[in-house]
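Novice: below are the sequence and a predicted model for it; my questions follow.
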Amino acid sequence: MNIYIHIPFCAKKCHYCYYYSLVPRNQNVIDQYLLYLKKEFKIKSKRFDLIVRNDINTVYIGGGTPNYLSAKQFKKLFNALNRYINLSNLKEFTVEMDPAFCTKSQLNFLKKNGVTRLSFGIQTLNKKILKAVNRHFDDDPARVILFAKKLGFEINLDFILGLPYQTIADVKRSLDFVEKIKPDSSFWCELRIGTPIMRKMQSRLPSHKKVVIMHQLVKKTCRKWGYHQIFPEYFSLKKELPLYLNNWWTSNQSLGFGLAAFSKINNRFVKNTSDLQAYYHFLEQNKLPIFYIYKLDKESEALIHMLSSLRKGSADLNYFQKKFKVDLERTLLNDKIKQLKKQSYLKYSQKKIILTNKGFSISSPVSKLLLRKKEYLGKLMDTAFNHFDGESSLKRFIYKNFFILGKKDEKEDIIFISPDRKNSGIMNNRIDN
């Protein structure tokens, strides 16, 4: 099982960020949130036997900016985590970090408390760009990152390609930073302009052609340094994904805690509310702060797992047929596979899909093309990361992409159903997300 904990607080809201985050008025806001997060730990620990089960092997603390917490607040969080969740069999414990707020004492605390992997959000080293997107920056991020390496943490660096005013020279500077740090992995995400502010800044963005050149430069350089391209945006010294991400894609056991957190339990997607007061209200009543529950049939489960596999370059349909008792080729994929094969995006033989170099470079859109009449699945997965396809709220997103059948009972929960009418969900209408 995977555990995800969302710390939604930031000093500023970066213009490009489509994850759920808040800028707190004061430290009391954070203290109150941690108090209710502890309540959620307690309820879910009892419901899922988290203190005794021995299959919890990854924890990921994301945000927001987790290391925006003070030393005292970090201690509260870890005390609650250790009290309600069995961490004795962890294989990987990751915390997202902003180097601008990272201190040596913070790193020593995380090391002492079992954290094994740190993911530092760098994005770019150009201060003009960072200012344009409203992000804090550190004059010397290498200082704390190299100290973290010295302590023995596995290090990942995150960058963004396609930021306002970004040039090839900026990307080369970021690559120089990678060469200096020599991290275990780096992630080079292309900018998504789903936020309102980024859509207004489109005239300042580099062209798609230039972003492609940037990515080719990253690919060529990272490969030269011995990094393996696991999927288009991710380069690692290991020939594998970090355990949390691999399990997220291939397992049905991921449990999320905190505002807007997302869970996958068996064949159900479960999304926590993004409304802070609603989050508190439900936990005060010893109820889980759930905004929607969405149940998948076997066909949809198989498709989601297949798409995740294909992002890494290949997928064996025989495996998914055996695991889910669904023949994806016969029921869904036959025409699309032929079309993509003809366009040289993939090779196909004996129910094995292998992306060509052309297909691998854009594996995410290619894999989504295979969804055919189930495009909504890809959109639903995006809501796990709070990107609503241009919509201002998750509720509006659901109303736009699903059929609304009506109220379940007097509590006014709303039943919604997929366009193919095979998968259904329940949305809490009392929460205005």
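Specialist: Alright, I've got the coordinates.
Novice: quick check: buried residues in stretch 66-85?
Specialist: Across stretch 66-85, burial judged by 16 or more other Cβ atoms under 10 Å covers 66-69, 73-74, 76-78, 80-81, 84-85. C-betas here are computed from N, CA, C, even on glycine.
Novice: switch those residues over to TSV; also include distance to Asp31 and secondary structure.
Specialist: As requested, the buried residues of stretch 66-85 are exported to TSV (distance: Cβ to Cβ, whole Å; DSSP: H, G, I helix; E, B strand; the rest coil):
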residue	distance to Asp31	secondary structure
Pro66	15	helix
Asn67	16	helix
Tyr68	13	helix
Leu69	10	coil
Gln73	7	helix
Phe74	12	helix
Lys76	8	helix
Leu77	11	helix
Phe78	15	helix
Ala80	13	helix
Leu81	16	helix
Tyr84	18	helix
Ile85	21	coil
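Novice: make CSV from those residues and add distance to Ile43 and pLDDT to it.
Specialist: Shown next, in CSV, are these (distance: Cβ to Cβ, whole Å; pLDDT from 0 to 100):
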residue, distance to Ile43, pLDDT
Pro66, 22, 96
Asn67, 26, 95
Tyr68, 25, 95
Leu69, 22, 96
Gln73, 21, 97
Phe74, 22, 96
Lys76, 18, 97
Leu77, 17, 98
Phe78, 19, 98
Ala80, 12, 97
Leu81, 14, 97
Tyr84, 9, 98
Ile85, 12, 97
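Novice: nearest to His208, of those residues?
Specialist: Set against His208, the nearest of the buried residues of stretch 66-85 by Cβ to Cβ is Pro66 (32.7 Å).
Novice: can you tell me the closest non-neighbouring residue to the closest one?
Specialist: Of all residues not flanking Pro66 in the chain, Ile7 sits nearest, at 4.3 Å (Cβ to Cβ, 6 or more residues apart in numbering).
Novice: and for the one you found, the neighbour number?
Specialist: Ile7 has 27 neighbouring residues, counting by other Cβ atoms under 10 Å.
Novice: Validate this expectation: Phe137 resides in a strand.
Specialist: No - membership of Phe137 in a strand is not supported by DSSP: H, G, I helix; E, B strand; the rest coil, which gives coil.
Novice: now it: how far from Ala11?
Specialist: As judged by Cβ to Cβ, to the nearest Å, Phe137 and Ala11 stand 11 Å apart.
Novice: higher neighbour count, these two?
Specialist: Phe137 (17 against 13).
Novice: so the more buried one touches Ala100, yeah?
Specialist: Yes - in this structure, Phe137 is within contact of Ala100 by Cβ atoms under 8 Å, at 6.1 Å.
Novice: quick one: list the elements packing against the helix or strand of the chain with the lowest mean pLDDT.
Specialist: Taking mean pLDDT, DSSP states H and E as the measure, the chain has helix 375-383 as its least confident helix or strand, at a mean of 73. Using 3 or more Cβ pairs under 8 Å, 6 or more residues apart in numbering; DSSP states H and E, the elements in contact with helix 375-383 are helix 298-310, helix 394-401.
Novice: in it, what counts as buried?
Specialist: So, applying 16+ other Cβ under 10 Å, buried residues of helix 375-383: 376-383.
Novice: now do the same end-to-end measure for stretch 146-163.
Specialist: This stretch, stretch 146-163, spans 26 Å end to end (Cα to Cα, to the nearest Å).
Novice: in it, what's buried?
Specialist: For stretch 146-163, by 16+ other Cβ under 10 Å, it's 148-149, 153-163.
Novice: show me those residues that map onto helices.
Specialist: 148-149 (DSSP state H).
Novice: what pLDDT does the spatially closest residue to Trp225 that is not a sequence neighbour get?
Specialist: The shortest distance from Trp225 to any non-neighbouring residue, by Cβ to Cβ, 6+ apart, is to Glu179 (6.9 Å). pLDDT for Glu179: 98.
Novice: Leu130 versus the nearest residue to Thr103 once chain neighbours are set aside, what's the distance?
Specialist: Residue nearest to Thr103 in three dimensions, not counting chain neighbours: Val144, with 7.2 Å by Cβ to Cβ, 6+ apart. Using Cβ to Cβ, Val144 is found at 17 Å from Leu130.
Novice: higher neighbour count, those two?
Specialist: Val144 (22 against 19).
Novice: that one looks like it's in a strand, true?
Specialist: No - counting by three-state DSSP, Val144 falls outside a strand, being helix.
Novice: enumerate every residue touching it.
Specialist: 99, 102-104, 107, 138 (Cβ atoms under 8 Å, 6 or more residues apart in numbering).
Novice: elements contacting the lengthiest helix in the chain?
Specialist: Using DSSP H to define each element, the chain has its longest helix at helix 27-48. With contacts defined as 3+ Cβ pairs under 8 Å, 6+ apart, the packing partners of helix 27-48 are helix 71-84, strand 253-257, helix 276-284.
Novice: closest to Ser207 out of the ones you listed?
Specialist: strand 253-257 (36.9 Å).
Novice: can you list the residues that contact that closest one?
Specialist: 1-6, 37, 40-41, 44, 48, 50, 55, 247-248, 262-266, 270, 272.
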